[in-house]
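Q: Everything below, folded, please.
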Amino acid sequence: MEDVSKYLLFPAMISILFIVQGILLDAWLCKIGAIRSNRSVIIIGVVVMVFLKPFIFENGSWWIYGAAVILGEFAAHRSDLRETVKHGKWWWETKNEKRIRHSDS
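A: The predicted structure is shown next:
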């Protein structure tokens, strides 16, 4: 039973925690216009990283691994963040889309 909780139940609960945090970060970055939302990559990446942790970093701290997961979420959007730094917010939208979005708010 200890193996089930160590390799399935605990990582499932931790991955839910990181998925919620990742989706909130994704939503905030999308709301401010820094990235285009891509939640499926975040969910898949977090689940894979959390379930691999007991096998790869068995003695590692979850706090350190949690920081790595958060940095991994930024790495998933690195191209969008780089383009935002180059071209500014909402760089992927056309001028008409920007005008419509700004007139609604």
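Q: Report the buried residues of stretch 45-56.
A: Buried residues in stretch 45-56, counting neighbours by 16 or more other Cβ atoms under 10 Å, are found at 45, 46, 47, 49, 50, 53. Glycine gets a C-beta too; all of them are placed from N, C-alpha and C.
Q: got any ranges where this structure has weak pLDDT?
A: 1, 96-105 (pLDDT under 70).
Q: which helix is the longest one in it?
A: Secondary structure of the chain per DSSP state H: the longest helix is helix 10-31.
Q: before we move on, the earlier item: out of the buried residues of stretch 45-56, which sit inside helices?
A: 45, 46, 47, 49, 50, 53.
Q: residues in contact with the fifth one?
A: The one in question is residue 50. 11, 14, 15, 18, 69 (Cβ atoms under 8 Å, 6 or more residues apart in numbering).
Q: how much space is there between the third one and residue 80?
A: Residue 15 sits at a distance of 23 Å from residue 80 (criterion: Cβ to Cβ, to the nearest Å).
Q: how many neighbours does residue 80 have?
A: Look at residue 80: counted by other Cβ atoms under 10 Å, it has 18 neighbours.
Q: can you give me the offset of stretch 39-51 from its chain's centre?
A: Centroid displacement of stretch 39-51 relative to its chain, using Cα atoms, centre = their mean, to the nearest Å, is 8 Å.
Q: Kindly report the same for stretch 72-83.
A: Using Cα atoms, centre = their mean, the offset of stretch 72-83 from its chain centre is 9 Å.
Q: Give me the buried positions along it.
A: For stretch 72-83, by 16+ other Cβ under 10 Å, it's 72, 73, 76, 77, 80.
Q: With stretch 12-26 instead?
A: Residues of stretch 12-26 classed as buried: 14, 15, 18, 19, 21, 22, 23, 25, 26 (neighbour count, 16+ other Cβ under 10 Å).
Q: Now for those: which two are most distant?
A: 14 and 26 (18.2 Å; Cβ to Cβ).
Q: Can you tell me what sits against the host helix or strand of residue 63?
A: Take DSSP states H and E as the rule and residue 63 turns out to sit in helix 62-76. For helix 62-76, contacts defined as Cβ under 8 Å, 6+ apart pick out 14, 18, 21-22, 25-26, 38, 41-42, 45-46, 49-50, 53, 57, 81.
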